[in-house]
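>>> Okay, predicted coordinates and the sequence, questions at the end:
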Amino acid sequence: MRRAFARKLAIYTGVAATSAVLLFPLYWMLVTALSPRTRLREFPPRLWPEEPQWDVFHDLLATQPFGRWMWNTSLVALSTMILSLSVSVLAAYALSRHKLRGGQSLGLFILTAKMLPATLMVIPFFVIFRSVGLVGSLWSVVLAQSTLIVPFATWMLKGYFDTIPDELEQAALVDGCSPLGTIWRIVLPVAAPGLAATALYAFVLSWSDFLYARTFLTTSQSKWTLNLGIATLKGEFITDWNVIMAGSLMAAAPIIVVYLFLERFLVGGLTAGAQK
């Protein structure tokens, strides 16, 4: 009994210590946001400000088009996630179920596209988007981000589709289900945890984009995303770090909410939806 209690205590202590280390950056961002600008460089630093400046969030929303930046970022992230999943699901299913000659090499070739740095693709993307009139449009960021996400998402989903028994799809086809209907009604419900992980990866990566937004969206402030807008808050001579930290906290909040929503799918049963 004592040994079991000591083991549980050690586990809970380790979890608490790890959580404290991981959450400390968010806590310190909150402390910095609530501290007056004149107290940010004092030593030793305070673990909590004496007079928290809660109005910093209101001032940020009142002086900057933060709501517009949030809407643009949400639109880009959701569009990128939907487009990436739509392409990667079909590509991964084809690589998993259809044994083509050189299929393994094709899968590795797709994966190598993820190894290309984003900075290498900026100039070609800019030339292409300028020729079709997409520079300054949010769709330029969506398309550019999708090219980075689709290869890795395809490889992730292919590995997950490989674990799904073929008998499930064969039974659905015997019952009169079409091939696309089999994917929609059988494969996707079973692969819900893999789809959730891929969707979370696509959403977080597109939400945190700065390079493509900085390159394609500088023509109009109304098209800026959160990361681009927060970066412009840094002044040439004076920088209000408390305002920047307040904006960063509000920018991180949707990511936390999305993760909490998808977490139940990440730990869901591998055979969910497999029953007829």
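Cool, the structure landed. These numbers come from a predicted model, not from an experiment.
>>> Could I get the pLDDT score of V132?
In this model, V132 is scored at 92, pLDDT.
>>> oh, I was asking about A113
69.
>>> One more: G159?
Looking at G159, the pLDDT reads 81.
>>> what about it, neighbour count?
14 (other Cβ atoms under 10 Å). Just so you know, the C-beta spots here come from the backbone N, C-alpha and C atoms, and that holds for glycine as well.
>>> One more: the one 10 residues further on?
Other residues near E169 number 19, with proximity taken as other Cβ under 10 Å.
>>> any idea how far F161 is from it?
E169 sits 10 Å away from F161, going by Cβ to Cβ, to the nearest Å.
>>> Any chance you could list residues touching both of these two?
Counting by Cβ atoms under 8 Å, 6 or more residues apart in numbering, the contacts common to E169 and F161 are R97, V187.
>>> which residues does D240 contact?
So D240 contacts R37, L233 (Cβ under 8 Å, 6+ apart).
>>> Could you pull up phi and psi at it?
phi -90, psi 90 (degrees, to the nearest 10).
>>> tell me what the host helix or strand of A171 is packed against?
Assessed by DSSP states H and E, A171 sits inside helix 166-174. Counting contacts by 3 or more Cβ pairs under 8 Å, 6 or more residues apart in numbering; DSSP states H and E, helix 166-174 is packed against helix 179-182.
>>> Next, the buried residues of the helix it packs on.
T182 (16 or more other Cβ atoms under 10 Å).
>>> what does stretch 221-234 give?
Of the residues in stretch 221-234, those buried by neighbour count under the rule 16+ other Cβ under 10 Å are K223, W224, T225, L226, N227, L228, G229, I230, L233.
>>> Now the last one: closest residue in space that isn't a chain neighbour?
Going back to what we said before, that points to L233. Spatial nearest neighbour of L233, chain neighbours left out: I244 (5.2 Å); criterion: Cβ to Cβ, 6 or more residues apart in numbering.
>>> Next, count neighbours for the one you found.
With other Cβ under 10 Å as criterion, I244 counts 18.
>>> worst-scoring helix or strand of this protein, pLDDT-wise?
helix 103-112 (a mean of 66; mean pLDDT, DSSP states H and E).
>>> can you give me the helices for the stretch 51-200 of the chain?
With DSSP state H, counting those that start in this stretch as the criterion, the stretch 51-200 of the chain has helices at 55-63, 66-97, 103-112, 118-132, 138-161, 166-174, 179-182, 188-190, 192-207.
>>> tell me the mean pLDDT for the longest one?
It refers to helix 66-97. Here the average pLDDT along helix 66-97 is 91.
>>> And the shortest one, by the same measure?
Per-residue pLDDT values over helix 188-190 give a mean of 85.
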